[in-house]
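Novice: Generate coordinates for the sequence data below:
(one chain, ligands or ions: 1)
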Amino acid sequence: SKCSQDGIFTKGELLRYGPIELSPSSGVLNYGQGLFEGLKAYKKEDGSILLFRPHENALRMRMGAGRMCMPSPAVEQFVDAVKLTVLENKRWVPPTGKGSLYIRPLLFGSGTVLGLAPAPEYTFLIFVSPVGNYFKGGLAPINLVVENEFHRAAPGGTGGVKTIGNYASVLKAQKRAKENGYSDVLYLDSVHKKYLEEVSSCNIFVVKNKIISTPEIKGTILPGITRKSIIDVARGQGYQVEERLVSVEELLDADEVFCTGTAVVVSPVGSITYLGRKVEYKNNGIGVVSQQVYSSLTSLQMGLTEDKMGWTMK
Ligand code: PMP
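Specialist: Next up, the predicted model:
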């Protein structure tokens, strides 16, 4: 059936980066039937290359494919394709500490379809690009604005999967926030307009009296792989971490707020503006917890410390 998870993805090929052919009546162009993933490869000091939890990206794409009524590559096929692409582009992986190779897998309805229906054929492709650190200088505080007009996701929608349309819907708020001098937008839930959801491309954590809280995964926020990793890292360091409803009011007297994601890694939040009121955090948001989890995660990702979790992969 067209909504079955297991399609046949023929043996892939390596192509030079460039335009691809796509029918004007393809499912992705007309009905937004598309998903993407994002992960990074880091170079170790000995020159070898490390991937961070690529199986998690494969699983998330598979879960998203179910929601978008698409077949998806098997987990091993996804991971093998990522490895092959990275090896072929080894020379583009920046030296340790200077950045990483960003890997962008795409899965989309490339078959033609006119009436509203899943496309009859799909394309899975991966492209890569070297990237510097997202915020110049590593642990750089960001300034968020709480969005009051737009929502990113609604219950029963597609907020919990990495479908392309979710990103189209945030472009306007994102652009407006940047024009007003903010780094990014913080979204609230669309029902009560009071609980934290996430930022346009990262998850959020709030620290109060050494307890770390983060919005629970309930279908409207993306289950971030960095989020999941940071929860484990923080618990491993003895912190209590709660996944729960976090009210926007809790931002007002938090000790620390930070964001997590593949692109931003861990970013302390220096200030949050909510209904015209700006809350500024101590030390520009660079607190003990964000510093600790940042250094643990990045040294793991770059292969500078022993990987007891088995999260990195050559
Ligand atoms: N939320 C959204 C909306 C995102 O796009 C991302 C980036 N994939 C994240 C959270 C963080 O997810 P991850 O840690 O897997 O990069």
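
Novice: tally of neighbours for Trp313?
Specialist: Wrong residue type there; residue 313 is Met, not Trp. Taking other CB atoms under 10 Å as the criterion, the count of residues near Met313 is 16. Backbone N, C-alpha and C define where each C-beta goes, glycine included.

Novice: any idea which helix or strand carries the residue lying closest to it once chain neighbours are set aside?
Specialist: Ranked by CB to CB, 6 or more residues apart in numbering and with sequence neighbours excluded, the top spatial neighbour of Met313 is Leu51, at 4.7 Å. Here Leu51 sits within strand 49-52, counting by DSSP states H and E.

Novice: The host helix or strand of Ile126 pairs with which strands, parallel or anti?
Specialist: Element membership for Ile126 (DSSP H and E) is strand 122-131. Strand 122-131 sits in its sheet next to strand 100-109 (antiparallel), going by DSSP bridges.

Novice: ok now do the residue in the stretch 51-200 of the chain positioned nearest to the ligand, which residues does it touch?
Specialist: The minimum distance from the stretch 51-200 of the chain to the ligand, using CB to the nearest ligand atom, falls at Glu198 (4.8 Å). Glu198 makes contact with 152, 186-187, 204, 215, 221-222, 224, according to CB atoms under 8 Å, 6 or more residues apart in numbering.

Novice: please redo it, this time with the cut-off set to 7 Å
Specialist: For Glu198, the set of contacting residues under the criterion of CB atoms under 7 Å, 6 or more residues apart in numbering consists of 187, 204, 215, 221-222.

Novice: Then Ile225?
Specialist: With contacts defined as CB under 7 Å, 6+ apart, Ile225 is in contact with 53, 56-57, 262.

Novice: So it versus the ligand, what's the distance?
Specialist: According to CB to the nearest ligand atom, to the nearest Å, Ile225 stands 4 Å off from the ligand.

Novice: For stretch 169-179, list every residue counted as buried.
Specialist: 169-170, 173-174, 177 (16 or more other CB atoms under 10 Å).

Novice: likewise stretch 253-261?
Specialist: Counting neighbours by 16+ other CB under 10 Å, the buried set in stretch 253-261 is 254, 256-261.

Novice: just curious, which of the residues you listed is nearest to the ligand?
Specialist: Among these, and counting by CB to the nearest ligand atom, the member closest to the ligand is Gly261, at 3.5 Å.

Novice: If the closest one is in a bridge, with which residues?
Specialist: Beta-bridge partners recorded for Gly261 (DSSP bridges): Val265.

Novice: Could you double-check that it sits in contact with Pro223?
Specialist: No. In terms of CB atoms under 7 Å, Gly261 does not count as a neighbour of Pro223; the distance is 11.7 Å.

Novice: What residues sit buried inside the strand holding Ile126?
Specialist: Burial within strand 122-131, assessed by neighbour count using 16+ other CB under 10 Å, is assigned to 122-124, 126, 128.

Novice: which sections of the stretch 51-200 of the chain are below the confidence cut-off?
Specialist: Residues of the stretch 51-200 of the chain that meet the criterion pLDDT under 70 lie in 134-138.
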